[in-house]
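Enquirer: would you be able to build a 3D model of this:
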Amino acid sequence: MRERLQDLGSVLDRAFIGTLHGFCLTMLSERGKFVGVNGSPQLFEQWSDRKGILIEAVAADPLLTEELMTSGDPKARNQTLDSWLRGIALIKAHPITQPFADSELNQRILEAYNAGLRACDAYDFEDLLLLSYHLLTEYPKVAEFYRRLFKYICIDEAQDLNEAQYAVLTAMCGDGFNNVMMVGDPKQSIYGFNTASPKFMDRFAQEFGAATIELKENFRSSKAIVRAASSLQETYSVSGQVPIAGELGLLVGENEENEASLVVAKLEALSKQGHQDVEGPISWNRCAVLGRTRFVLLHFENALKKVGIPFHKRISVIHENESKVVESFQLGMRLIANPKDRFHLAALLKKWGVSTESEPPVDHHGLIGYLRQVVSHAKTSDWTVSVEALDKVVSAATQRLDMTASVRILRGFADSQGDDERQAIYDDTEVLLQEWDAYLRASSQNPSISGFLSALALGTTQQRNAEGVALLTVHSAKGLEFEVVFLVGMAEGIFPDYRAKGPALEEERRNVFVAVTRSKRLLYCSYPKSRRMPWGDARAARPSPYLKAMELIG
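Expert: Numbers count the residues shown, from 1 in each chain. I've put the predicted structure just below:
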């Protein structure tokens, strides 16, 4: 969006362009003291962290402990905890229709979990929206300030709004602010699992008296792509399009490995020969491989590596470190940003295999001294490199943040390790540097570790224009476009997902629609005749019904 708005010139400097979560984070950082937020909120974005908070909260409450124990064996108790955590997120996502839990037990679970977060001076994603809603509704002067600051609001991808997001928008606008525009397509609503629904576009039209403008021209996609999209969504009609035929093809592999080989061979052929309906050479950057899940893409990753085709992945928002030393370093950064974060301190000490009852100091250099003392009791000296790297995050000479100095220390340690660990550290630190660079370029305020961690949590530091073929899940491909797209793993049980029933099956069809419309010119679908199941058995695979809908099979 920023790239598309570059011609606005200086106006762009006065605009906020980002996600609604990002807007709420900024607002809470500036005015959050009214709802108990001091400074930039520290986000616990990972499910494992939030679940850890809930486990500690339950353990500290005899009644909740007793209730959990009635679930049965450890597996059943774990499922109960997951269910409780999903229930907490559901309550927070419905501040209008479900502001309180539906029972005393669930209210107690919610309060215990929130207390555990606040003890660490931390918040989850749902808190960003919920607290912003309370801030705007309970403190009208704050809402009025932001109305004066932002005279116009445009919500993109409006079909993916949920109740909490819509509540923040309406609270921001109040009764008289109507300079609002929504842009969205109900046919691309694919986040129902996060309680999103296109119904909020209808509510907006009714409650704001908004005019509806339908855009029915498509000058991006070829005739073949438009035809495939129309076969998936009957309501999709195009009144004008580019006069280019394009291509819709099918590749059928004997198994998953063979399917991946066929896709890679087609990629190589297109790269060498080009295509009459694609202007200019077909470089790797103009191609994408899309899968319903990240597991489907593993075979394609291996096949691309085998022939040396460069690629980049955007499979999930959070990069998972392969190196324990870099993971330790990033846990330490959380402590620098938030000294009250006892949860991640405990995780760090557990990783090091040490225990201590002493409290860490709140200033950076005192914390480093504390960690040096603690790590000296670890069973291995490897962890000391994480502490030394943390010490370089803030330059003693200039007090400026310096991630490159930390990376040099981590890579210096990597050079003394075996090939596997060395590669893991180099890979993890390369991602870290890319994310740090993206944060610095996007930051309009003074950079900080807390700001960097928040940007990581929100996914705003991901490299958007990486080199090579894009390897993407359908959800991570939303909003992107490529000349050539391979939609892989198109087998029954994969796409649509074997768990999809009822409304979820309709959302799967919209997922395919989104995937198909990522292509501008050429689209190739593929599936394997047999699949290797997770437990090792080979099983015959049936083609996805969406292939029949697109007339790729009879």
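
Enquirer: send the alpha carbons of stretch 369-389 over as CSV?
Expert: Written as CSV, here are the backbone C-alpha positions of stretch 369-389 (Å, rounded to 0.1, in the frame of the first residue of the first chain):
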residue,chain,number,x,y,z
GLY,A,369,25.7,-8.2,34.8
TYR,A,370,22.9,-10.2,36.3
LEU,A,371,22.7,-12.5,33.3
ARG,A,372,26.5,-12.9,33.2
GLN,A,373,26.4,-14.1,36.8
VAL,A,374,23.5,-16.4,36.2
VAL,A,375,25.0,-18.0,33.0
SER,A,376,28.3,-18.7,34.8
HIS,A,377,26.4,-21.5,36.6
ALA,A,378,25.2,-23.1,33.4
LYS,A,379,26.3,-26.6,32.4
THR,A,380,27.8,-25.3,29.1
SER,A,381,29.7,-22.1,28.3
ASP,A,382,27.9,-21.7,25.0
TRP,A,383,25.2,-19.5,26.5
THR,A,384,27.7,-16.8,27.4
VAL,A,385,27.8,-15.7,23.8
SER,A,386,24.1,-14.8,24.0
VAL,A,387,24.8,-12.5,26.9
GLU,A,388,27.8,-10.9,25.2
ALA,A,389,25.7,-10.3,22.1
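
Enquirer: what is the neighbour count of Arg227?
Expert: 17 (other C-beta atoms under 10 Å). (Glycine included, C-beta is placed from N, CA and C.)

Enquirer: my guess is it contacts Leu248, does it?
Expert: Yes: at 7.3 Å, Arg227 counts as touching Leu248 under the criterion of C-beta atoms under 8 Å.

Enquirer: quick one: contacts for the spatially closest residue to Val407 that is not a sequence neighbour?
Expert: Nearest residue to Val407, sequence neighbours excluded (C-beta to C-beta, 6 or more residues apart in numbering): Thr429, at 4.7 Å. Thr429 makes contact with 326, 407, 410-411, 414, according to C-beta atoms under 8 Å, 6 or more residues apart in numbering.

Enquirer: what subset of the residues you listed is buried?
Expert: Listed as buried from the contacts of Thr429 are 326, 407, 410, 414; burial here means 16 or more other C-beta atoms under 10 Å.

Enquirer: quick one: which of those residues sit in helices?
Expert: 326, 407, 410, 414 (DSSP state H).

Enquirer: how about the strands in the chain?
Expert: 42-43, 122-123, 153-155, 180-182, 217-218, 240-241, 247-253, 287-291, 311-314, 469-473, 482-487, 519-528, 530-532, 538-540 (DSSP state E).

Enquirer: turn those into TSV, including mean neighbour count, mean pLDDT and distance to Leu297.
Expert: Below are the strands of the chain laid out as TSV (neighbours: other C-beta atoms under 10 Å; pLDDT from 0 to 100; distance: least, C-beta to C-beta, whole Å):
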stretch	mean neighbour count	mean pLDDT	distance to Leu297
strand 42-43	21	91	27
strand 122-123	23	94	32
strand 153-155	17	94	31
strand 180-182	17	94	33
strand 217-218	15	80	28
strand 240-241	12	78	30
strand 247-253	18	96	14
strand 287-291	27	96	4
strand 311-314	18	82	8
strand 469-473	24	93	5
strand 482-487	25	97	11
strand 519-528	26	96	12
strand 530-532	16	86	14
strand 538-540	10	84	19
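
Enquirer: export those as TSV, with columns for distance to Leu54.
Expert: Formatted as TSV, the strands of the chain follow (distance: least, C-beta to C-beta, whole Å):
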stretch	distance to Leu54
strand 42-43	16
strand 122-123	13
strand 153-155	32
strand 180-182	35
strand 217-218	46
strand 240-241	51
strand 247-253	43
strand 287-291	31
strand 311-314	29
strand 469-473	27
strand 482-487	38
strand 519-528	39
strand 530-532	35
strand 538-540	37
